[in-house]
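[1] For reference, the sequence and a predicted model appear below.
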Amino acid sequence: MFFILVLYTLFIPNQEGWKTYFQNKKIEISYRSKVCDDKKNGFSFEYYIIRVENKTNETFVINFILGKEEKENDEDKIAFVLNPNETKTGTCDYNSINLKMFKSENRNNYSKSKNKFALTKIDVIEVY
């Protein structure tokens, strides 16, 4: 019984803290807040980490813009391929698919300005 419990905790993703932002029959986009420390350079920032799950057996190209539409620029455009039943999750580390969005500076756990989580122009294109 103990062995089964250990396997369960290792292989079942932790759902705690994820908030669903968008979902339909094809995909689900959720996010959570995470503090990312850059110990080498002495910085600490809080980010929204984004998770995108393909709920089908189809392949999709996913496009969206980080933030609100009025702030749109090329750096905020995200596009990637999501294979059948695949889930992509952002991390604090650099990744070519930037599934994270700046929330605030994290100086002594206090920040004057915080960005609210928003994605715009979410587009799911089926690949044949």
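    That came through, no problem. It should be emphasised that the depicted structure is a prediction, and the values quoted were computed from it without experimental measurement. Numbering: from 1, shown residues only.
[2] buried sites along stretch 118-127?
    Residues Leu119, Ile122, Val124 are the ones in stretch 118-127 that count as buried (16 or more other CB atoms under 10 Å). Using the backbone N, CA and C atoms, a C-beta is placed for each residue, glycine as well.
[3] Who does the most centrally placed residue in the chain form a beta bridge with?
    With distances taken as CA atoms, centre = their mean, the residue of the chain nearest its centroid is Ile50 (0.8 Å). Beta-bridge partners of Ile50, counted by DSSP bridges, are Tyr31.
[4] is it possible to export the buried residues of stretch 118-127 to a markdown table including pLDDT?
    Formatted as a markdown table, the buried residues of stretch 118-127 follow (pLDDT from 0 to 100):
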| residue | pLDDT |
| --- | --- |
| Leu119 | 95 |
| Ile122 | 96 |
| Val124 | 97 |
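[5] so of those, which ones are in helices?
    Within these, no residue falls in helices by DSSP state H.
[6] so which of the residues you listed comes closest to Lys55?
    Nearest to Lys55 out of the buried residues of stretch 118-127 is Val124 (CB to CB; 10.7 Å).
[7] Wait, that closest one touches Ile29, no?
    No. Val124 lies out of contact with Ile29 (CB atoms under 8 Å); the separation is 9.9 Å.
[8] in the chain, what spans have low per-residue confidence?
    1-15, 70-72, 106-113 (pLDDT under 70).
[9] okay but Ile50 is in contact with Thr87, surely?
    No. Judged on CB under 8 Å, Ile50 makes no contact with Thr87 at a distance of 11.1 Å.
[10] can you pull the contacts of Leu82?
    Ile27, Val52, Asn54, Thr59, Phe60, Val61, Ile62, Lys88 (CB atoms under 8 Å, 6 or more residues apart in numbering).
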